[in-house]
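Enquirer: Below are the sequence and a predicted model; questions follow.
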Amino acid sequence: MTSQAELVIVGGGPAGLAAAIAARQAGMDPVVLDDNEQPGGQIFRQPPRAFSIDDLAGIGKDNVRGRKLLDEAARASVSVESGVVVWDAKPGSLSCCQGNKAWTLQFQTLILATGAYERPVPFPGWTLPGVFTSGGVQTMLKAQHVLVGKRILLAGTGPLNLVVANQLADAGAQVVAVLELATPGISDLLPMLRGPWELLVDGIGYVTRLARRGIPIMRGWTIVEARGQEEVTSAVITQVDREWRRVAGKERTLEVDTVCLGFGLVPSTELSRLIGCEHRHAPQLGGWIPVHDEYQETSLPGVFVAGDGAGVAGSLVALEEGRVAGLRAALRVGCIDKKEFSAQAAPSIRRLRRLSRFRTMLDRISCPRPGLYECVTPETLVCRCEEVSAGDVRAVLDEGFTSLIELKARLRSGMGLCQGRICGPTLAELVAQWTGQPVEDVRPFSPRPPVKPVPMSALLDREEAAG
Amino acid sequence: MADLRIEKGVRRGSAFDILLDGRKLRAYEGESVAAAILASGIRILRVTRKRQEPRSLFCSIGVCQECLMVIDGRPNVPACQTPARPGMVVNTQYGMGEDDVP
């Protein structure tokens, strides 16, 4: 089956929804494809429809911001198709599936708003039950209203851990500490004072509420091992230097039943890479990102990117980028003219410039430093799907191999069901460190369709359609 | 049995049972299979093929593929992305789960 649309938006998070609303208001009829049960993406994820929540604001500001955006999308009659997996992308068409139904969707313009996922950082014990990503724990909390543990340690870098620590404490968990790798000085933080104020107020709020509860934020500390037989029972933590390398003799053990890892985000670029957009390596924005102009258009005319998938920058940036991309798509198909575009996009472009100062500060503080990947021992798994250890990788590199594709051929790392999303960023860093190449010279795994697991029937349907 | 659900200010959908490794487990309309299991205090969702190590939920957003279980006879189903349904038969996945397919 084949259908057509003048604008397809992949992803129903802040960027995708903002793009759809802007395009709709400009007179287009966009289709939003989202792989979750409900739109909102990760940050604006809502509780299941069958739940009713007394105090939505109590869960956090993002739930309220998310509800507002979803209501706005509904008022603009934006059509969102939920539960749709886009598993292949070619110039001009996408392969989609929803349950056992499969179809090809041809588009005139495309906005990829595919978001990001948490940066995986391996260390001994990180595969033990009870070690979660911070975002995952937050999802369980704010959507499912389940607290995954009782005595909890958070480790990593960046603002998400501060948000989640507060939410966990609000829900009644005992938060033992928040470990923050970075040790920003006053000069690193000064750009904050130039605003935007709402981000500054949010940040101060998270820190002071933790302080009032007596939850320590330990700057310059990280986790080096999670211990336990079948589940986490303790965590070994250590002090690190400014390069995030361990300081000898500064280890401590904490009794915990849960560890949350939040080491920043990695953009989801499988579709932008499959379709053939040019990419560049931008460590402060999460790694490989699609090259785009100031109107979010990629190297492929008519293909736009917005939100964290275009470079990790948070939901406020995602909303504005989405809006610009939506208007730009409308300009491209002739729904609005150049003058209308400039007038309508101007506030967003101004706001993006203002936001970028604040983001640049946060990005600089939390940008991965050399010590981040040095906690692995030879036994530590780096590829969780295929159970490939750091020692396995080392052995292959010692034979003289220097690329990810060779590791894949020898070890199957990157061939599992996660499609290299989890091991890819780590392997690139290890190959770079151990072979003495800059990480931007290590070519990432090439995404292959299907980029997400889909039923065989979906693949067969396409083959039949292709005849 | 432990219940890690937050009750205050939350009204869930209707309650029903699913079968986890042959034993009844309470779930609510709207919950994912992973949420229902973790809420009961159980964390191990599968055991890996090579090292036979236990695994649980990790990313919770369908990216990492760590929470794979055998659900209604189908192996490799991510429990975090699968809504619980009345009478659902869920089994801990061992390896690739083929042996659990009826």
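Expert: Nice, I can see it. Just so we're clear, the structure is a prediction, and the values are computed from it rather than from any experiment.

Enquirer: My guess is A:Ile237 contacts A:Leu179. True?
Expert: Yes - counting by Cβ atoms under 8 Å, A:Ile237 does reach A:Leu179; the two are 6.1 Å apart. Where C-beta positions appear, they are placed from N, C-alpha and C, glycine not excepted.

Enquirer: Low-confidence stretches in the chain?
Expert: The chain I'm using is chain A. Low-confidence segments of chain A, defined by pLDDT under 70: A:461-467.

Enquirer: Chain B was what I was after
Expert: For chain B, the stretches flagged by pLDDT under 70 are B:1, B:99-102.

Enquirer: what about the strands in it?
Expert: B:10-11, B:15-20, B:23-28, B:46-47, B:54-55, B:68-71, B:74-78, B:89-91, B:93-94 (DSSP state E).

Enquirer: Can you tell me which of the ones you listed is nearest to A:Val324?
Expert: Distance to A:Val324, taken as Cβ to Cβ, is lowest for strand B:74-78 among the strands of chain B, at 33.6 Å.

Enquirer: count of residues packed around the residue nearest to A:Tyr117 when sequence neighbours are not counted?
Expert: Counting by Cβ to Cβ, 6 or more residues apart in numbering or on different chains, A:Tyr117 lies nearest to B:Val63, which is 4.6 Å off, once chain neighbours are set aside. Here the count is done by other Cβ atoms under 10 Å in any protein chain shown, and B:Val63 has 26 residues near it.

Enquirer: mind putting the strands of chain B in TSV, mean neighbour count and distance to A:Leu190 included?
Expert: Below are those laid out as TSV (neighbours: other Cβ atoms under 10 Å in any protein chain shown; distance: least, Cβ to Cβ, whole Å):
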stretch	mean neighbour count	distance to A:Leu190
strand B:10-11	14	42
strand B:15-20	17	53
strand B:23-28	17	49
strand B:46-47	20	48
strand B:54-55	21	44
strand B:68-71	23	47
strand B:74-78	18	44
strand B:89-91	19	53
strand B:93-94	20	51
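
Enquirer: got TSV for those strands, with distance to chain A too?
Expert: Shown next, in TSV, are the strands of chain B (distance: least, Cβ to the nearest Cβ, whole Å):
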stretch	distance to chain A
strand B:10-11	5
strand B:15-20	11
strand B:23-28	7
strand B:46-47	10
strand B:54-55	5
strand B:68-71	7
strand B:74-78	7
strand B:89-91	16
strand B:93-94	12
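
Enquirer: A:Ala102: which of those is closest?
Expert: strand B:74-78 (17.5 Å).

Enquirer: before we move on, the earlier item: give me the common contacts of A:Ile237 and A:Leu179.
Expert: Listed as contacting both A:Ile237 and A:Leu179 by Cβ atoms under 8 Å, 6 or more residues apart in numbering or on different chains are A:153, A:155, A:218, A:221-223.

Enquirer: could you redo these as CSV and give each row secondary structure, neighbour count and distance to B:Arg85?
Expert: Listed next are the shared contacts of A:Ile237 and A:Leu179 as CSV, based on DSSP: H, G, I helix; E, B strand; the rest coil; neighbours: other Cβ atoms under 10 Å in any protein chain shown; distance: Cβ to Cβ, whole Å:
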residue, secondary structure, neighbour count, distance to B:Arg85
A:Leu153, strand, 27, 35
A:Ala155, strand, 27, 36
A:Met218, strand, 16, 43
A:Trp221, strand, 22, 44
A:Thr222, strand, 24, 41
A:Ile223, strand, 27, 37
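
Enquirer: can you put these in a markdown table and add distance to A:Ala116?
Expert: As requested, those are exported to a markdown table (distance: Cβ to Cβ, whole Å):
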| residue | distance to A:Ala116 |
| --- | --- |
| A:Leu153 | 23 |
| A:Ala155 | 19 |
| A:Met218 | 26 |
| A:Trp221 | 25 |
| A:Thr222 | 21 |
| A:Ile223 | 22 |
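
Enquirer: which residues of the stretch 51-200 of chain A fall in helices?
Expert: Remark: helices assigned in the stretch 51-200 of chain A by DSSP state H, counting those that start in this stretch are A:56-59, A:61-75, A:134-142, A:159-170, A:186-189, A:197-213.

Enquirer: again, but for the stretch 301-450 of chain A
Expert: A:315-333, A:338-366, A:390-398, A:404-411, A:423-435.

Enquirer: from the middle of its chain, how far away would stretch A:419-426 be?
Expert: Computed by Cα atoms, centre = their mean, to the nearest Å, the separation of stretch A:419-426 from the middle of its chain amounts to 13 Å.

Enquirer: end to end, how far does that stretch reach?
Expert: 14 Å (Cα to Cα, to the nearest Å).

Enquirer: again with stretch B:30-47
Expert: Stretch B:30-47 has its terminal residues 26 Å apart, counting by Cα to Cα.

Enquirer: follow-up on the earlier one: of the strands of chain B, which is nearest A:Ala390?
Expert: Closest among the strands of chain B, once you apply Cβ to Cβ, is strand B:54-55, at 18.3 Å.

Enquirer: strands paired with the closest one, and their directions?
Expert: strand B:46-47 (antiparallel) (DSSP bridges).

Enquirer: what's the spacing between the partner strand and its chain's center?
Expert: So, by Cα atoms, centre = their mean, the centroid of strand B:46-47 is 11 Å from its chain's centroid.

Enquirer: deepest of the helices of the stretch 51-200 of chain A, which one?
Expert: Sort those by mean neighbour count, taking mean count of other Cβ atoms under 10 Å in any protein chain shown, and helix A:134-142 sits at the top with a mean of 25.

Enquirer: ok so, going back, looking at the helices of the stretch 51-200 of chain A, which is nearest to chain B?
Expert: Evaluated with Cβ to the nearest Cβ, the helices of the stretch 51-200 of chain A place helix A:134-142 nearest to chain B, the distance being 3.2 Å.

Enquirer: Before I go, just wanted to say thanks for your time.
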